[in-house]
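**Q** whatever this is, show me its structure:
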Amino acid sequence: MGVWEVFRQDRKGQPFEHAGSVVAPDEGLAEVYARELYSRRQESEALWLVAREAIRALEPVPAEFDLSYRRVDGYSLRLQLREARERAGARQD
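**A** Numbering: from 1, shown residues only. This next block holds a predicted model:
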């Protein structure tokens, strides 16, 4: 028995989203289960079926690729403000 991950697309042009998993002895039966569970009522435009063992986890991003300073919401100053208040002896609320 294998575990298969199912990804579905609601409408053309939209991204695929993880819909769930199916357990089946082979790919053919996994496809039947996926179609039955995730597109029986034509609620999905397209399905992707991926064997769970084919999915690999990526290592965390190394610090040299940390681009958090490019965040669109600006710099987070909360920590710097807290440290400055502590140094100045001000009390936090």
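
**Q** which strands or helices does the strand or helix carrying residue 20 pack on?
**A** Using DSSP states H and E, the element containing residue 20 is strand 17-24. Judged by 3 or more CB pairs under 8 Å, 6 or more residues apart in numbering; DSSP states H and E, strand 17-24 is in contact with strand 2-9, helix 27-38. Yep, even glycine has a C-beta here, placed from its N, CA and C like the rest.

**Q** now the first one: buried residues?
**A** Going by neighbour count (16 or more other CB atoms under 10 Å), the buried part of strand 2-9 is 4-9.

**Q** then stretch 41-59?
**A** 44, 47, 49.

**Q** quick check: the first one touching residue 7?
**A** No - at 9.5 Å, residue 44 and residue 7 do not qualify as touching, with contact defined as CB atoms under 8 Å.

**Q** any shared contact partners between these two?
**A** residue 19 (CB atoms under 8 Å, 6 or more residues apart in numbering).

**Q** the helices and strands packed on strand 17-24: which one's closest to residue 85?
**A** Nearest to residue 85 among the helices and strands packed on strand 17-24 is strand 2-9 (47.3 Å), distances taken as CB to CB.
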